[in-house]
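Participant: I need the structure of the sequence given here:
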Amino acid sequence: MKKLMALTGLTFLFCSTGAFSMTCNLARPYEAGNLTRTIPVFSRVRPDLLFEKGDTIEIFAFPKSRPLRCSWSLSHNMVEQPLTSRAGEICLDQSVRFVIPEEILSPGFYDLRFTIWSTATDKEEGKTTFGYEVERMTVVDSRPEDFAHFWSKAREEVSHTQLDAEEKFVREMEDAEISLYNRQQASLPEIPDPEGRRYKKIKVYRVSFSAPGDRRLYGWLTVPVGEGPFPAMLVLPGAGNGKLPIPAEHARHGFVSLMLQIHGEDVDQENYSSPPGYLAYLRSGFPRSSKDDYYYNVILGCLQAVRYLVSRKDVDPDKVAVVGGSQGGYLAVATAAFSPGVKAVVSALCFYAYFPYRDLVAHLNQVKDAGPRELIPPFDGKNPRQRHQGYFDAANLANFVQVPTLMLGCLADTPSPATTVYAVYRNLKGEKKLLLSVGTNHDLVLAFEQFAWRWLENLFQLEKKEAFTVLERIKKGEEP
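Facilitator: Residues are numbered from 1 along each chain as shown. Purely as a prediction, here's the structure:
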């Protein structure tokens, strides 16, 4: 079950985790029991783990075994060296209690690492992340001076590229087929969002179109069988290069949906290459020209994908959303920053963000330094590597996103740490909402997906369909 609490524009989400429906991109069977979370933690003061000035900053953890004693250490988010280390308290309800002195904190996110012993030698280790006065956290602007001009020229390149679109009909899928496909090939439960099913039949196409950089991009396109025009959705994949699933669930929800293969290969090949230069930011090097960055043409390809969707007669151009998780969450923000066709964004676990902070953390970890009390990353606009990163940093791109945006963050996230996701959220210029999953590490959150479907339905003012009532599902023996 999910519990939502609204606070100053943010919404915080507490739930068990499952698999994405809206932002799916995994072509594999659904793993129903696959969770990536730490030892469960909670706070009686702030269930969202976002504390304010004057709070008693206490966090509880529930180990699997009876606690005998415990210790904890506190560090800045992503930093390995602790600011302080202390003993915890074991409680009568078999939990352990950590109380963090407010006077050692400044606005930002912190990692709490803890060890809980059940005997002299048996122990459990855990970690969680919490925030303190996060709305006052400093977010450093690392945009190069020609940032706007750079991306304005890039948009011109897209506008001058002919679509030359091709599509090939593959098949129709009935409601029961979609449910089976979800479970067996799209890493989804059969019916991940019972309330949102709007159409019982969809059509599936293979599509391709030309994109900047002398490339041709490929994707799965699904269309509801019914009377259009329909809202549309561009679904962008997470990191890696491989097969992509048909976005059947998206069309069942009533959206003309394009699942884009961003690397210029087809959607269901047996083998995939490792693209040269891809994920180069994980290494120390960078290209001489920012236009040679791998993500430059990827972002331009996403902009072209929106142009393709808007060009279709069965698409309502005023109701186009771009969605994605992890890398896809980053690309969703980047696409919305520069595509006038995008009217809404759903970005889950946004990756590739706030590099000044990431660089500072990498340095502190290298020299084994905990850092100062207030961790504000320095930024040198003359540094070639930092300048290059500045063009592609999601926190910088967010400054150009003016459409409604819904984001998901996991507080205990390692690939997309809370500080970096929050930096993106802070810089968004339009209507925005951030949902946080407490104690989850880069996992797939079904409650967020269901919330996102309702959010889009309300935003686009989509009419409710009565084709799938609870009574109808019960008569068919389905889960309501």
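Participant: Would you state the helices of this protein in chain order?
Facilitator: With DSSP state H as the criterion, the chain has helices at 147-159, 175-185, 248-252, 294-311, 327-338, 355-367, 384-392, 394-397, 418-427, 446-459, 470-475.
Participant: can I get the ones you listed in CSV with mean pLDDT and distance to residue 406?
Facilitator: In this view, the C-beta of every residue, glycine as well, is placed from N, C-alpha and C. CSV is the format used below for the helices of the chain (pLDDT from 0 to 100; distance: least, Cβ to Cβ, whole Å):
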stretch, mean pLDDT, distance to residue 406
helix 147-159, 97, 23
helix 175-185, 94, 22
helix 248-252, 96, 16
helix 294-311, 97, 18
helix 327-338, 98, 10
helix 355-367, 96, 23
helix 384-392, 91, 22
helix 394-397, 98, 15
helix 418-427, 98, 10
helix 446-459, 95, 5
helix 470-475, 49, 26
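Participant: Output those in a markdown table; the columns should cover mean neighbour count and distance to residue 68.
Facilitator: Converted to a markdown table, these look like this (neighbours: other Cβ atoms under 10 Å; distance: least, Cβ to Cβ, whole Å):
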| stretch | mean neighbour count | distance to residue 68 |
| --- | --- | --- |
| helix 147-159 | 15 | 55 |
| helix 175-185 | 18 | 43 |
| helix 248-252 | 28 | 47 |
| helix 294-311 | 23 | 50 |
| helix 327-338 | 28 | 41 |
| helix 355-367 | 18 | 31 |
| helix 384-392 | 19 | 46 |
| helix 394-397 | 27 | 43 |
| helix 418-427 | 26 | 31 |
| helix 446-459 | 21 | 35 |
| helix 470-475 | 11 | 49 |
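Participant: Tell me the buried residues in stretch 67-83?
Facilitator: Within stretch 67-83, the residues that qualify as buried are 67, 70-80, 82-83, counting by 16 or more other Cβ atoms under 10 Å.
Participant: separation between residue 31 and residue 329?
Facilitator: As judged by Cβ to Cβ, to the nearest Å, residue 31 and residue 329 stand 21 Å apart.
Participant: And for residue 259?
Facilitator: Distance, residue 259 to residue 329, using Cβ to Cβ: 15 Å.
Participant: Then residue 111?
Facilitator: Counting by Cβ to Cβ, the gap from residue 111 to residue 329 is 22 Å.
Participant: same question, residue 185
Facilitator: Residue 185 sits 23 Å away from residue 329, taking Cβ to Cβ as the criterion.
Participant: do residue 252 as well
Facilitator: Computed as Cβ to Cβ, the residue 252 to residue 329 distance reads 22 Å.
Participant: What of residue 198?
Facilitator: Computed as Cβ to Cβ, the residue 198 to residue 329 distance reads 25 Å.
Participant: Give the closest residue to residue 50 in space, chain neighbours not counted.
Facilitator: residue 131 (4.3 Å; Cβ to Cβ, 6 or more residues apart in numbering).
Participant: okay, now the one you found: neighbour count?
Facilitator: Look at residue 131: counted by other Cβ atoms under 10 Å, it has 24 neighbours.
Participant: ok, now residue 27?
Facilitator: By the criterion of other Cβ under 10 Å, residue 27 has 17 neighbours.
Participant: if we can go back for a sec, can you tell which of the helices of the chain is closest to residue 41?
Facilitator: In terms of Cβ to Cβ, the element of the helices of the chain nearest to residue 41 is helix 418-427, at 13.8 Å.
Participant: That closest one to helix 355-367, inter-axis angle?
Facilitator: 160 degrees (axes from the mean of the first three to the mean of the last three Cα atoms, to 10 degrees).
Participant: Name the residues that touch helix 418-427?
Facilitator: 10, 77-78, 108-109, 129, 131, 134, 137, 139, 333, 347, 349-350, 353-354, 357-358, 394-396, 398-399, 407, 409-411, 413, 432, 434, 436 (Cβ atoms under 8 Å, 6 or more residues apart in numbering).
Participant: average pLDDT for stretch 197-213?
Facilitator: Across stretch 197-213, pLDDT averages out at 97.
Participant: how close does residue 363 get to residue 459?
Facilitator: Residue 363 sits 41 Å away from residue 459, taking Cβ to Cβ as the criterion.
Participant: cool, residue 414 as well?
Facilitator: Distance of residue 414 to residue 459, given as Cβ to Cβ: 31 Å.
Participant: swap in residue 66?
Facilitator: To residue 459, residue 66 is 49 Å away according to Cβ to Cβ.
Participant: Over to residue 169?
Facilitator: From residue 169 over to residue 459 (counting by Cβ to Cβ), the distance is 31 Å.
Participant: does residue 220 really touch residue 250, like I thought?
Facilitator: No. Contact criterion Cβ atoms under 8 Å: residue 220 and residue 250 do not qualify, at 9.8 Å.
Participant: chain center to stretch 197-210: distance?
Facilitator: Relative to its chain's centre, stretch 197-210 lies at 24 Å (Cα atoms, centre = their mean, to the nearest Å).
Participant: low-confidence ranges in this protein?
Facilitator: In the prediction, the chain carries residues with pLDDT under 70 at positions 1-21, 23-24, 33-37, 281-285, 464-480.
Participant: Give me the domain ranges for it.
Facilitator: Residue ranges for the domains of the chain, per automatic domain parsing: 38-136, 147-475.
Participant: May I have the beta-bridge partners of residue 405?
Facilitator: residue 345, residue 432 (DSSP bridges).
Participant: burial count for it?
Facilitator: Residue 405: 25 surrounding residues under other Cβ under 10 Å.
Participant: got it, and residue 109?
Facilitator: With neighbours defined by other Cβ under 10 Å, the count for residue 109 comes to 24.
Participant: What residues does the nearest residue to it once chain neighbours are set aside make contact with?
Facilitator: Distances taken as Cβ to Cβ, 6+ apart place residue 77 nearest to residue 109, at 3.9 Å, with adjacent residues excluded. Contact partners of residue 77, counting by Cβ under 8 Å, 6+ apart, are 108-111, 129, 361, 417-419.
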